[in-house]
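Peer 1: sequence-free structure coming up:
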DNA sequence: TCTCAAACATACTATTCGGTATGTTTGTGA
DNA sequence: TCACAAACATACCGAATAGTATGTTTGAGA
């Protein structure tokens, strides 16, 4: 997780961060609807007054959670790992392997927080939809840039559509995060194996 | 949707079916948690007494929903379309094209009911997990059988692992159902295009 | 040091939730 | 036709829910 130290921010900002981090944890494991504000404040030192001082309602808290916790986390764990890369195909594979197997924040049974939120709340809330779209776009863009860089380096064929490749890869990632909840981590192997084959075939 | 006519069943069975069909509709569009029993009975002629006569609790209703509505629907719309096929690769492609573009029950913004349920409830309930696993297994098996049949017919290479192919295809389907909620139906094209390429490459 | 708004704390509320208690109706086999 | 269980109907309950009303504390600038 990518987190500022509480000492480096004002007390109010720290309170806000405590709420968002606890909300992230609970929502990741139980879902957005199933996570109540009462539970969030009961498992922190924060009171209801503080919660509703920082956020007008639960939905706005969700938007802040996406923009202020999830998005920076994806920038740190996803986008950054594909920037300044001299071997795009290898780095994309390594990124996915890291996300699926090494990342300490994610568990197989709970999937990926972004994928979960997209599934649960994107259809029902415009503001959450918009915030999630921004996160996904950022990831798609990172893969796309990486592929295009690979093309510039002559490592990837010029006739492949970098944007489509990005969609295919993210699609596979979302899907395997979903299926992993039923089949367990073994199916991650199938995805990684197929991803490797797919990337090799772009040469 | 695959539904028996109410006239062909007892009144009690019809009541049960009315509950499950309405529950399916509401849960598909709003999620399991967000769909209350009160809403289900308020939008039907069914009373709370009838609901809890047929189901001990909400979770058991969910299990019945999966086993008695979703599973038969998938048998009708998924498994059946891959059985007795003489051109497996073409039929798998046609199946996905149908599910994504022609099926009247599904909408892009709401994704796929099975994928949605897997994401929302599989981690939190053993009984729902088990029921959903049964549905996914059934679909995986159908694809796998189809691929193996293609191998027997000499249309698909013998060295491909049919089980892994099934996982890859279902993974892509789950993923695109998720991403479709953010990107809209346009990204379905990318999946279908990639699926076609993937299937051709199995020859 | 004083002021005052930002930041929080506490108590409360209206509504909704899953579920139960206790009835009444309905169909069906003897 | 009558007995009786299956099938339903109604009223209710305690807990949980998002959100509000109304305070008190705190810290930073004048």
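Peer 2: Noted; the coordinates are in hand. Just so we're clear, the structure is a prediction, and the values are computed from it rather than from any experiment.
Peer 1: rest of the way, CA atoms for contacts and neighbours
Peer 2: Fine.
Peer 1: so residue A:199 sits right up against residue A:89, yeah?
Peer 2: Yes. Between residue A:199 and residue A:89 a contact is recorded at 6.0 Å, counting by C-alpha atoms under 8 Å.
Peer 1: List the contacts of the closest residue to chain B within chain A.
Peer 2: Of the residues in chain A, the one nearest chain B is residue A:175, at a distance of 3.6 Å by C-alpha to the nearest C-alpha. Residue A:175 makes contacts with B:170, B:171, B:172, B:173, B:174, B:175, B:176, B:178, as judged by C-alpha atoms under 8 Å, 6 or more residues apart in numbering or on different chains.
Peer 1: Who has more neighbours out of residue A:199 and residue A:89?
Peer 2: Taking other C-alpha atoms under 10 Å in any protein chain shown, residue A:199 and residue A:89 do not tie; residue A:89 has more neighbours (24 against 18).
Peer 1: Test my guess that that one contacts residue A:150.
Peer 2: Yes. The pair residue A:89 / residue A:150 is scored as a contact, 7.4 Å apart, by C-alpha under 8 Å.
Peer 1: Mind giving me the packing neighbours of the longest helix seen in chain A?
Peer 2: Across chain A, the longest stretch assigned as helix under DSSP state H is helix A:126-152. Judged by 3 or more C-alpha pairs under 8 Å, 6 or more residues apart in numbering or on different chains; DSSP states H and E, helix A:126-152 is in contact with helix A:58-65, helix A:71-74, helix A:80-82, helix A:88-97, helix A:113-121, helix A:162-183, helix B:162-183.
Peer 1: which parts of that helix are buried?
Peer 2: Across helix A:126-152, burial judged by 16 or more other C-alpha atoms under 10 Å in any protein chain shown covers A:128-129, A:131-136, A:138-151.
Peer 1: before we move on, the earlier item: tabulate the contacts of residue A:175 in JSON lines, adding columns for pLDDT.
Peer 2: What follows is the contacts of residue A:175, written out as JSON lines (pLDDT from 0 to 100):
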{"residue": "B:170", "pLDDT": "98"}
{"residue": "B:171", "pLDDT": "97"}
{"residue": "B:172", "pLDDT": "98"}
{"residue": "B:173", "pLDDT": "98"}
{"residue": "B:174", "pLDDT": "98"}
{"residue": "B:175", "pLDDT": "98"}
{"residue": "B:176", "pLDDT": "98"}
{"residue": "B:178", "pLDDT": "98"}
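Peer 1: residues in chain A within reach of DNA strand D, list them.
Peer 2: A:10, A:33-39, A:48-49, A:52, A:56-59 (C-alpha under 7 Å from any atom of the strand).
Peer 1: Can you select the buried ones among those residues for me in PyMOL?
Peer 2: One line in PyMOL is enough to select the buried members of the residues of chain A next to DNA strand D, burial here meaning 16+ other C-alpha under 10 Å:
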select buried, chain A and resi 35+37+58
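Peer 1: Of the residues of chain A next to DNA strand D, which are in range of DNA strand C?
Peer 2: Answer for the residues of chain A next to DNA strand D near DNA strand C (C-alpha under 7 Å from any atom of the strand): A:48, A:49.
Peer 1: Intersect the residues of chain A next to DNA strand D with the contacts of chain B.
Peer 2: Restricting those to those touching chain B (C-alpha under 8 Å from any C-alpha of the partner chain) yields A:33, A:34.
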